[in-house]
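Student: predicted model follows, preceded by the sequence.
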Amino acid sequence: MSADRDRVSALVDELLDTHDPSTTTPAEFWGAQFDLGLAWVQFPVGFGGLGVAPALQEVVAERLDAASVPRNDLINFVGLGTAAPAIVGFGSDEHKRRYLRPLFTCDEVWCQLFSEPNAGSDLGNLGTSAVRDGDEWVVNGHKVWTTLAHVSSYGILVARTHPELPKHRGLTFFLVDMRTPGVEVRPLRQISGEAEFNEVLFTDARIPDSMRVGEPGEGWRVTIGALMHERSHNADLAKRPRGMGPVAHAVRLWQDMGMTDPARRDELMRIWIEAEVIRLTSIRAEQLRKSGTPGPEGSTGKLATGILPQRVFEFCMSLLGPAGMVISDYEMRQPDRMFEGNMGDGTENIEIVKAFLNSRSATIGGGTTEIQKNTMAERVLGLPKELRPDRDVPWSSDSAPVR
Ligand SMILES: Cc1cc2nc3c(=O)[nH]c(=O)nc-3n(C[C@H](O)[C@H](O)[C@H](O)COP(=O)(O)OP(=O)(O)OC[C@H]3O[C@@H](n4cnc5c(N)ncnc54)[C@H](O)[C@@H]3O)c2cc1C
């Protein structure tokens with residue numbers, strides 16, 4: 001491990017020596033980072049990694065943060081957090097060669113085509129169909145809440161290929177070129193007025209079989225593998241330096257408004273301490289993971305990082321008083337990156353009122369708080385499992401739940 005750490009450190013030296021972040025374009029820098037194997041150090045050599053322990057990515061992240069290298073995760077959150085691990089874990093070498101580098105440089109942004117009007121928490125119930133026709137699959141269906149689909153070149157799609165099997169067993173995972181005829185992206189406007197996400201309609205869209213990831217019917221395994229990575233990626237965002245993350249906005253607002261009220265200061269301190277506990281718990285979870293004995297701390301990451309921004313921005317709104325009722329504008333815009341306030345490093349300039357509105361989604365996206373609690377109840381506390389009457393029933397049968 002220590003030899004690997006030295007090797008990673010030496011490669012970061014080389015990266016920073018040859019690509020000064022202040023004069024290199026972000027895409028060029030990220031490309032060089034990928035080529036040196038510092039994109040995801042645990043991935044195989046040649047595919048953005050070095051084949052070493054994932055914990056060593058921390059060495060890269062710390063050094064690049066200190067050198068003010070721009071972050072690519074808000075531009076290509078799904079690409080980095082979900083599509084790349086699915087491609088590396090289950091894709092062909094051709095998939096890895098073709099898609100990973102432009103994904104990491106953000107030349108190709110990715111979106112996640114999982115949720116549907118009747119399949120969110122119960123994702124296994126999804127109904128978008130893919131029917132084999134020679135070397136292609138013909139896809140029909142309706143996806144929703146597809147973040148950044150309007151700027152995406154590619155998407156990861158789960159579709160039902162075997163309706164006669166029980167719901168989780170009849171799914172298949174695909175990569176989709178978003179420019180395929182029959183793929184239509186329509187904006188969905190959210191509470192802040194902007195449309196960061198979309199609905200995506202598939203009408204006889206033809207996907208080549210070469211874009212299938214995993215075997216037909218193996219889609220659930222690939223999806224869960226990819227989502228597990230998304231959850232830990234989300235939780236990683238809690239590991240910011242002390243006092244950064246969403247809570248930094250509350251501290252800055254407190255200072256800017258020249259607040260002195262001791263009761264309000266107590267409130268701010270309570271939130272700050274909560275943020276610090278989440279940060280430390282996240283570090284402990286990471287250390288336990290590294291030692292090979294992951295503990296329950298890991299499961300709390302997504303839960304806590306969802307609730308915290310809501311607490312922070314509710315507090316900010318209470319400081320703003322009547323000013324919190326005024327929003328700068330309610331234009332329908334389609335941003336080209338994810339909203340930073342809920343998970344950024346606290347240094348960016350954000351509009352508190354919009355951040356407050358957007359923070360409502362933090363306990364829904366990537367799995368709701370209720371579902372996280374169910375998972376913890378069952379897997380961590382060992383409480384009785386939820387009833388799942390449709391688990392072994394063919395998805396298409398009349399006795400399956402109403403969709
Ligand atoms: C900002 C944002 C971005 C998103 N981006 C994407 C994306 O890019 N791609 C994508 O595919 N999806 C995306 N989603 C969708 C997201 O994954 C779903 O919204 C989420 O899984 C919840 O599903 P749902 O909205 O259908 O709610 P439902 O599943 O219908 O849930 C409704 C309510 O019922 C509760 N509930 C449901 N089942 C249970 C249960 N068994 N026990 C207790 N309570 C339960 C839920 O907690 C929730 O409060 C995004 C969502 C948001 C908010």
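Tutor: Ah, there it is. Here the structure is a predicted model, which is why all the values come from computation and not from measurement.

Student: tell me, how many residues neighbour whichever residue of the chain sits closest to the ligand?
Tutor: Going by CB to the nearest ligand atom, the ligand is nearest to Gly120 of the chain, at 1.9 Å. The C-beta positions use only the backbone N, C-alpha and C, and glycine is treated the same way. When neighbours are counted by other CB atoms under 10 Å, Gly120 registers 17.

Student: show the contacting residues for it.
Tutor: Gly120 is in contact with 145, 368, counting by CB atoms under 8 Å, 6 or more residues apart in numbering.

Student: near the ligand, which residues of the stretch 251-400 of the chain?
Tutor: By CB under 6 Å from any ligand atom, the part of the stretch 251-400 of the chain that sits against the ligand consists of 361, 364-365, 367-368, 370-371, 374, 386.

Student: can I get these in CSV including neighbour count?
Tutor: Converted to CSV, these look like this (neighbours: other CB atoms under 10 Å):
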residue, neighbour count
Ser361, 21
Ile364, 15
Gly365, 17
Gly367, 21
Thr368, 14
Glu370, 11
Ile371, 17
Asn374, 16
Glu386, 9
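
Student: which residues sit against stretch 41-60?
Tutor: 1, 4-5, 7-9, 11-12, 33-34, 37-40, 84, 88, 96-97, 100-101, 104, 286, 289-290.

Student: buried among those residues? Make that a PyMOL selection.
Tutor: Applying 16 or more other CB atoms under 10 Å to the contacts of stretch 41-60, the buried members can be selected in PyMOL as follows:
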select buried, resi 4+7+8+11+12+33+34+37+38+39+40+84+88+96+100+101+104+286+289
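
Student: can I get stretch 301-316 as PDB, trimmed to CA atoms?
Tutor: Presented in PDB, the C-alpha positions along stretch 301-316 are these (Å, rounded to 0.1, in the frame of the first residue of the first chain):
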ATOM      1  CA  GLY A 301     -24.100   8.800   4.700                       C
ATOM      2  CA  LYS A 302     -26.800   9.400   2.100                       C
ATOM      3  CA  LEU A 303     -29.500   9.800   4.800                       C
ATOM      4  CA  ALA A 304     -27.500  12.500   6.600                       C
ATOM      5  CA  THR A 305     -26.200  14.400   3.500                       C
ATOM      6  CA  GLY A 306     -29.800  14.600   2.300                       C
ATOM      7  CA  ILE A 307     -31.200  16.100   5.500                       C
ATOM      8  CA  LEU A 308     -28.400  18.500   6.300                       C
ATOM      9  CA  PRO A 309     -28.900  21.000   3.400                       C
ATOM     10  CA  GLN A 310     -32.500  21.200   4.300                       C
ATOM     11  CA  ARG A 311     -31.600  22.100   7.900                       C
ATOM     12  CA  VAL A 312     -29.000  24.600   6.700                       C
ATOM     13  CA  PHE A 313     -31.200  26.400   4.200                       C
ATOM     14  CA  GLU A 314     -34.200  26.500   6.500                       C
ATOM     15  CA  PHE A 315     -32.000  28.200   9.100                       C
ATOM     16  CA  CYS A 316     -30.800  30.700   6.400                       C
END
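
Student: can you list the buried residues in it?
Tutor: In stretch 301-316, counting by 16+ other CB under 10 Å, buried: 301-313, 315-316.

Student: next step: those restricted to helices.
Tutor: Residues of the buried residues of stretch 301-316 located in helices (DSSP state H): 301-313, 315-316.

Student: the stretch 151-300 of the chain: helices as residue ranges?
Tutor: 219-236, 247-256, 262-290, 297-320 (DSSP state H, counting those that start in this stretch).

Student: the longest one - what's its average pLDDT?
Tutor: Helix 262-290 comes out with an average pLDDT of 90.

Student: flag the shaky bits of the stretch 301-403 of the chain, pLDDT-wise.
Tutor: 340-347, 398-403 (pLDDT under 70).
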